[in-house]
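In: This is the structure alone, sequence omitted:
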DNA sequence: ATATAAAAAGACCTTAATGTCCTTTAAATA
DNA sequence: TATTTAAAGGACATTAAGGTCTTTTTATAT
């Protein structure tokens, strides 16, 4: 469904937000262990997310990653578009460059609604929402996230 | 949405079926030109589709690719699963291996319906259907497919 | 039979995604 | 202020996707 980079980013962010809710700032080692991703690669991804302004980081002892509580919630769309490009749900299903909303490519109509539904979903769902849902059942989260 | 290989496969098959409806067997040169794909790469893809039994081919003069008219219609799902793997719509949206229908991964519910809708669509839509739709407006097809 | 046309096969090449490792920078605290 | 801890940065390695090129096989028409 998504690139590994996107998956790892979403999982990292949800985990970071869950820990932030408990006033903790997890570091890369903890994060990658808990969400079961390659540490160095995950570090690169978080680096980008910091540069993009989605999260912040502090170096050194007691350092780690965290959301600025003053910022708005982060939608999945923000993250997904940032990593996969903002055109993933507007590109033609058959990859035709000339195909837009008015085009009659044979597959366009069929997929158009699904793509819209997907876009709506990722626009409305946020990291904070998902983290809240999961904080309610922490043991499960820690095993599965 | 799909891999290039899948896109090119679907476009090729639709084009082949349209030509078959006119009792023609297009060759790789014609196909790749008309659907605007790299010829050698498309040839490899068609080779696979022949091996998988989705289409047949004849070598030599007047050769080309064609559907066995005795076979059932080919669903998009047949092709997509064959190329991308049959788990693309059952895998967890966050890539968790432990996550199945009963799992409470934070993103699973949200995406579950969309994935089902997508699976339904590709199960019901066929190459033959799409080819018929398009044969009705051939000029447009030839420009855009 | 032979020339020709077209698919099959196999060996490559390129690029992007995924991932690792080592060094540098910065923060905290002992 | 020195040491420790952890993120940032940069270089590199691996794998998979995307793609090309040349040779071989097979069918057909002359």
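Out: Sure, I can see it. This structure is a prediction, so every number in the text was calculated from the model and none was measured.
In: which strands and helices sit next to the strand or helix carrying residue A:48?
Out: Assigned by DSSP states H and E, residue A:48 falls within helix A:39-51. With contacts defined as 3 or more C-beta pairs under 8 Å, 6 or more residues apart in numbering or on different chains; DSSP states H and E, the packing partners of helix A:39-51 are helix A:4-21, helix A:28-35, strand A:56-58. Using the backbone N, CA and C atoms, a C-beta is placed for each residue, glycine as well.
In: wait, which of these is closest to DNA strand C?
Out: Proximity to DNA strand C, assessed across the helices and strands packed on helix A:39-51 by C-beta to the nearest atom of the strand, is greatest for helix A:4-21 (3.6 Å).
In: low pLDDT regions in chain A?
Out: When residues are selected by pLDDT under 70, those of chain A lie in A:97-104, A:135-145.
In: please redo it, this time with the cut-off set to 90
Out: Where chain A drops to pLDDT under 90, the residues are A:1, A:87-117, A:133-145.
In: Contact residues of it facing DNA strand D?
Out: A:26-29, A:40, A:43-44, A:46-47, A:50-51, A:57-65 (C-beta under 7 Å from any atom of the strand).
In: try 6 Å
Out: By C-beta under 6 Å from any atom of the strand, the residues of chain A that approach DNA strand D are A:27-28, A:46-47, A:50, A:57, A:59-61, A:63-64.
In: Highest mean neighbour count out of the helices and strands packed on helix A:39-51?
Out: helix A:4-21 (a mean of 23; mean count of other C-beta atoms under 10 Å in any protein chain shown).
In: is DNA strand C contacted by it?
Out: Yes - Helix A:4-21 reaches DNA strand C (C-beta under 6 Å from any atom of the strand) through A:4-5.
In: about what we covered before: for the helix holding residue A:48, the distance to its chain's centre please.
Out: 12 Å (C-alpha atoms, centre = their mean, to the nearest Å).
In: Can you name the next helix or strand after the helix or strand harbouring residue A:79?
Out: If you go by DSSP H and E, residue A:79 is part of helix A:76-84. Later in the chain than helix A:76-84, the nearest helix or strand by DSSP H and E is helix A:108-124.
In: and that following helix with helix B:76-84, angle?
Out: Per axes from the mean of the first three to the mean of the last three C-alpha atoms, to 10 degrees, the angle that helix A:108-124 makes with helix B:76-84 is 60 degrees.
In: who touches residue A:57 in this structure?
Out: Residue A:57 sits next to A:46, A:50, A:63-66 when contact means C-beta atoms under 8 Å, 6 or more residues apart in numbering or on different chains.
In: what separates it from chain B, distance-wise?
Out: According to C-beta to the nearest C-beta, to the nearest Å, residue A:57 stands 22 Å off from chain B.
In: Pairing partners for that residue in the sheet, please.
Out: Per DSSP bridges, the residues bridged to residue A:57 are residue A:65.
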